[in-house]
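1. I'll drop the sequence and a predicted model, then ask my questions.
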Amino acid sequence: MRKRKQRQEAIRKIVRREHIKTQRELVDRLSQHGFDCTQATVSRDIADMGLRKLSEGFYVLAEDLHLQRMISELVVSVVRSGQLVLVKTTAGAGQGVAAAIDGAELDEVLGSIAGDDTILIIARSDAEAQAVVESIERYRGKRQ
């Protein structure tokens, strides 16, 4: 049971950071993270976790669908400076998008401050701030 939880937590991190389109890709990524599993195991994990495929063809966590929708429709731009990520949204959408980001409980995010059309996200490190930028760009449909 413990191994399953660890594997599913690894899947959660991988799917949030990468464009995973097939179960085979996920098996390969898990192998790189030290999990030896079959495609059938990954298939069961995908069903258990409620992963969905977006129209772009990659998997997304069910709990991230709301976040993906908010970001794809309302985020205008995203830039990083050190550990800080500045997100520009359409007018009046800043607080809603920030609430969706906070609700997703991204590991890299320490917190956020939102205004009418701007969100400041504080990450744990420069590298994690870059991971936040890449996640937001991925949700916007922009490849990094």
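-> Structure received. Numbers count the residues shown, from 1 in each chain.
2. for the protein, what's the longest helix?
-> As assigned by DSSP state H, the longest helix anywhere in the chain is helix 2-17.
3. hmm, who's touching it?
-> Residues from elsewhere that reach helix 2-17, judged by C-beta atoms under 8 Å, 6 or more residues apart in numbering: 20, 26, 29-30, 33, 35, 37, 41-42, 45-46, 48-49, 51, 59-61, 64, 106-107, 131, 134-135. (Glycine included, C-beta is placed from N, CA and C.)
4. any of those residues buried? List them.
-> The neighbour-count test (16 or more other C-beta atoms under 10 Å) applied to the contacts of helix 2-17 identifies 20, 26, 29-30, 35, 37, 41-42, 45-46, 49, 51, 59-61, 64, 106, 131, 134-135 as buried.
5. what about the strands in the chain?
-> With DSSP state E, the ranges of strands along the chain come out as 52-53, 59-60, 75-81, 84-89, 109-114, 118-123.
6. tabulate these (TSV), appending distance to residue 15.
-> Converted to TSV, the strands of the chain look like this (distance: least, C-beta to C-beta, whole Å):
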stretch	distance to residue 15
strand 52-53	10
strand 59-60	5
strand 75-81	20
strand 84-89	20
strand 109-114	17
strand 118-123	19
